[in-house]
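Visitor: Could you work out the structure for the sequence below:
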Amino acid sequence: MKFHHRLMLLISSILIISFVTLGIIIHASITYVLSEKHEQALATDARSYIYLVQDNEIDKVKEIVKQQNIDLLITKNDKKVFSSGKLKAVSNSDSYIQKKDVFIFNKKVNGYHVWIKGYNNDITEMHWTLWKYLILTCLVVLICLYFASRSFKRTLIRPIQEVTYATQLLANGYYHIRVPESNVVET
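Guide: You can find the predicted model right below:
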């Protein structure tokens with residue numbers, strides 16, 4: 001394999017590995033940050049639902065549940081205060097669990113226990129967008145690298161090869177060799 005091919009292969013490999021590593025790090029960061037923010041928002045929503053239930057504004061809670069397309073279960077002392085959908089009380093500890101696009105959140109607030117189940121595809125969309133733009137950027141950089149490699153070969157490697165070839169011919173006794181001046185540039 002020629003030198004410029006090996007050089008381009010090495011630089012391309014390093015570049016691709018760097019982009020994949022960067023993607024993995026950003027992927028994990030996006031997951032962590034968006035999950036934390038979503039959990040905080042759900043904790044605030046849980047408090048709001050409890051205040052609405054305490055104020056006997058069940059119709060508002062039903063409207064919010066319908067708008068946000070979530071299942072909601074509120075209990076007090078293991079008795080149902082409000083229920084929408086087929087959500088069942090599973091755990092007593094505060095938690096946020098997301099599997100694919102479905103999340104389940106439960107929290108205890110002021111003696112009430114709130115369970116919220118819904119769909120959140122923000123993380124999936126952010127991951128898709130991240131990888132799409134990262135791959136696009138990597139391809140653009142690889143194309144630029146290809147053209148830089150071609151330029152490197154044309155301006156440096158080819159003249160060196162021609163001078164080396166002419167030197168070998170001179171060493172073998174062929175004294176009528178002429179290296180074209182257009183290919184050899186002083187640096």
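Visitor: Grab the longest helix from this structure for me.
Guide: helix 3-54 (DSSP state H).
Visitor: okay, the angle between the helix or strand that that one is followed by and helix 3-54?
Guide: Next helix or strand after helix 3-54 toward the C-terminus (DSSP states H and E): helix 58-68. Orientation note: helix 58-68 sits at an angle of 160 degrees relative to helix 3-54 (axes from the mean of the first three to the mean of the last three C-alpha atoms, to 10 degrees).
Visitor: who's in contact with helix 58-68?
Guide: With contact meaning C-beta atoms under 8 Å, 6 or more residues apart in numbering, helix 58-68 is reached by Y49, L52, V53, D71, L72, F82, S84, G85, G118. To be clear about C-beta, it is placed using only N, CA and C from the backbone, and glycine gets the same treatment.
Visitor: Which pLDDT value belongs to the residue lying closest to L9 once chain neighbours are set aside?
Guide: Spatially, and ignoring its direct neighbours in sequence, L9 is nearest to M1 (7.7 Å; C-beta to C-beta, 6 or more residues apart in numbering). For M1, the pLDDT comes out at 77.
Visitor: what about M1, distance to V61?
Guide: Separation of M1 from V61 (C-beta to C-beta, to the nearest Å): 69 Å.
Visitor: same thing with D71?
Guide: 12 Å.
Visitor: Does the nearest residue to I30 once chain neighbours are set aside lie in a helix or a strand, and which?
Guide: With sequence-adjacent residues excluded and distances taken as C-beta to C-beta, 6+ apart, I30 is closest to M126, at 5.0 Å. Assigned by DSSP H and E, M126 belongs to helix 122-152.
Visitor: Check which helices and strands that helix sits against.
Guide: If you count contacts as 3 or more C-beta pairs under 8 Å, 6 or more residues apart in numbering; DSSP states H and E, helix 122-152 packs onto helix 3-54.
Visitor: how far is the helix it packs on from where the chain is centred?
Guide: Counting by C-alpha atoms, centre = their mean, to the nearest Å, helix 3-54 is centred 5 Å from the centre of its parent chain.
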